[in-house]
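sharing a sequence plus its predicted fold:
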Amino acid sequence: QAVAAGSHVRLNLQTGEREAKLPDRENGEGDMREERRRKRLGKVDVDANSFTSEELKKALAKMKESEKAERKVSFLFLKQCTVRKKFRPIEQLKEEFEKLNMKIETDYEIMLKLISKFNSSASTLDEKVAALYDLEYYVHQV
């Protein structure tokens, strides 16, 4: 709720309610009309003259922006959850393939093997050319 500028605001820990109070006048006496008006409007004093229409529009726009941001975050979280349900981590897949006596390699591991094959002095010229062609394929993917 909107609160007039200069108001004292507190959270009542016993009741859990937020309370607002206009500051007392400088001479220490409160205005009785304002007191009755505050009681009539509730614990929060909303003065129509304290906010301009532009300030209210800006506040409303901020509320809408924050609501959109919250929706976007919740949408991304839901999307992540659905992706995680569809796919498994590579470590889990490797373990399952090892149980089936199959070895799965990442592109990085394959590229390392191709580079070592190319640098090896035991490789023939045809093997080195084939390694370069295969390496070109993997590098092109990256």
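Structure received. Numbers count the residues shown, from 1 in each chain.

how far does the helix or strand encompassing residue 56 sit from the chain's center?
With the criterion set as DSSP states H and E, the secondary-structure element containing residue 56 is helix 53-86. Helix 53-86 sits 9 Å away from the centroid of its parent chain (Cα atoms, centre = their mean, to the nearest Å).

now do the helices in the chain.
32-41, 53-86, 90-99, 107-119, 125-141 (DSSP state H).

so in this protein, where's the weakest helix or strand by average pLDDT?
helix 32-41 (a mean of 57; mean pLDDT, DSSP states H and E).

before we move on, the earlier item: need the helices of the chain in CSV (columns: mean neighbour count).
To be clear about C-beta, it is placed using only N, CA and C from the backbone, and glycine gets the same treatment. Rendered in CSV, the data for those read as follows (neighbours: other Cβ atoms under 10 Å):
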stretch, mean neighbour count
helix 32-41, 11
helix 53-86, 10
helix 90-99, 11
helix 107-119, 14
helix 125-141, 12
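
which one of those lies closest to residue 23?
When the helices of the chain are compared by Cβ to Cβ, helix 32-41 sits nearest residue 23, at 10.7 Å.

where do the domain boundaries of this protein fall?
Per the TED database, the structural domains of the chain span 53-90, 103-141.

by mean pLDDT, show me the worst of those domains.
The weakest mean pLDDT among these belongs to domain 53-90, with a mean of 77.

ok now that one, how far from the chain's centre?
On the basis of Cα atoms, centre = their mean, the separation between the geometric centre of domain 53-90 and that of its chain is 7 Å.

next: stretch 117-134.
For stretch 117-134, the separation from the chain centroid amounts to 48 Å (computed by Cα atoms, centre = their mean).

of all the domains of the chain, which lies closest to residue 22?
Here domain 53-90 is closest among the domains of the chain (Cβ to Cβ), at 19.0 Å.

who are the neighbours in contact with the closest residue in space to residue 138 that isn't next to it in sequence?
The spatial neighbour of residue 138 that comes closest, neighbours along the chain excluded (Cβ to Cβ, 6 or more residues apart in numbering), is residue 111 at 5.0 Å. Going by Cβ atoms under 8 Å, 6 or more residues apart in numbering, residue 111 touches 135, 138, 139.
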